[in-house]
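K.L.:
Everything below, folded, please.
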Amino acid sequence: MARYWIALASRDTAHAAVRHGICLISGGRPGPLRKLAAGDGVVYYSPKEIENGETLECFTALGHVADGAPRQTCWDGAPLTPWVRDCDYSAVAETPVRPLLNSLGFVAQPRHWGRTFHRGHLEIAARDFEAIASQMHRAA
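P.N.:
Model (predicted):
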């Protein structure tokens, strides 16, 4: 049975992951990627445009984990070789998070919603993933 995840990354990192067809979670550490399985859904939440850049607060990419194990790769000229999983992405539009907050079950305290995303990644219910995906597809 598929599981569903939110990954925290800046917009530029999420877009680079889409370009390369990979999923990068928690700065490329291998542990979080081992939780993912083929067919799992992943949505990127981007609090900023670039790391230490302007505030964005949008869902920026949506995909499903492809077959294959976590692997290390060098991408976009980065000096590090983060751990990644292959991922198939959908054509979607960025979607602001704030209008969805009251309808998402994983947001326990809408007033302090930002704390929910600070873990770097989190598992969410299928209905929450579908609500986000639906909004992202509708906006595309």
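K.L.:
okay, CA-based contacts and neighbour counts for the rest of this
P.N.:
Noted.
K.L.:
Need the contact partners of the helix or strand hosting residue 15.
P.N.:
In the assignment (DSSP states H and E), residue 15 maps to helix 11-20. With contacts defined as CA atoms under 8 Å, 6 or more residues apart in numbering, helix 11-20 is touched by 23-24, 44, 46-50, 60-61, 75-76, 87, 89.
K.L.:
Going by neighbour count, which of those residues are buried?
P.N.:
Buried residues within these, counting neighbours by 16 or more other CA atoms under 10 Å: 23-24, 44, 46-50, 60-61, 87, 89.
K.L.:
mind giving me JSON lines with these and columns for distance to residue 10, pLDDT and secondary structure?
P.N.:
Formatted as JSON lines, the buried ones among the contacts of helix 11-20 follow (distance: CA to CA, whole Å; pLDDT from 0 to 100; DSSP: H, G, I helix; E, B strand; the rest coil):
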{"residue": "23", "distance to residue 10": "13", "pLDDT": "94", "secondary structure": "strand"}
{"residue": "24", "distance to residue 10": "11", "pLDDT": "89", "secondary structure": "coil"}
{"residue": "44", "distance to residue 10": "9", "pLDDT": "97", "secondary structure": "strand"}
{"residue": "46", "distance to residue 10": "5", "pLDDT": "96", "secondary structure": "strand"}
{"residue": "47", "distance to residue 10": "6", "pLDDT": "94", "secondary structure": "strand"}
{"residue": "48", "distance to residue 10": "5", "pLDDT": "95", "secondary structure": "strand"}
{"residue": "49", "distance to residue 10": "5", "pLDDT": "95", "secondary structure": "coil"}
{"residue": "50", "distance to residue 10": "5", "pLDDT": "90", "secondary structure": "coil"}
{"residue": "60", "distance to residue 10": "9", "pLDDT": "98", "secondary structure": "strand"}
{"residue": "61", "distance to residue 10": "11", "pLDDT": "98", "secondary structure": "strand"}
{"residue": "87", "distance to residue 10": "18", "pLDDT": "97", "secondary structure": "strand"}
{"residue": "89", "distance to residue 10": "17", "pLDDT": "98", "secondary structure": "strand"}
